[in-house]
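> output the structure for:
(one chain, ligands or ions: 2)
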Amino acid sequence: MAELTGQALGAYRCPKCGTVTSGDRKFCSECGKELDIECPECGATWRYMYNYTFCPSCGAKVKKKLF
Ligand SMILES: [Zn+2]
Ligand SMILES: [Zn+2]
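Ligands and ions are numbered 1, 2, ... in the order given. Have a look, this model is predicted:
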């Protein structure tokens, strides 16, 4: 898989509770929410990052639920 570009590698934020987690975790340590999310437009699954605004696969705008 291609390296994700950006400065925030290793700093992920839970889409549910906002807890910042380190990069290799699969689930939030606070609430148990899976940190990979699915694009509502193309169905691609990728690791949620707080600074994503658009789907990296199809370019659809990603709704930020909490932030
Ligand atoms: Zn969480
Ligand atoms: Zn997409």
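> strands along this protein, start to end?
For the chain, the strands defined by DSSP state E occupy 12-13, 20-21, 36-38, 45-47.
> would you single out the least confident of those strands?
Ranked by mean pLDDT, the strands of the chain end with strand 12-13 at the bottom, a mean of 76.
> which parts of this protein sit against ligand 2?
Residues of the chain found near ligand 2 (CB under 5 Å from the ion) are 39, 41, 42, 44, 55, 57, 58, 60. All C-beta atoms are positioned from the backbone trio N, CA, C, and that covers glycine.
> only whichever of the residues you listed are buried, select them in ChimeraX.
Remark: buried members of the residues of the chain next to ligand 2, expressed as a ChimeraX selection using 16 or more other CB atoms under 10 Å:
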select :39,55
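> follow-up on the earlier one: and the strands of the chain: which comes nearest residue 28?
Residue 28 lies closest, by CB to CB, to one member of the strands of the chain: strand 20-21, at 6.1 Å.
> nearest spatial neighbour of residue 38, skipping sequence neighbours?
Closest residue in space to residue 38, ignoring its immediate chain neighbours: residue 45 at 5.0 Å, by CB to CB, 6 or more residues apart in numbering.
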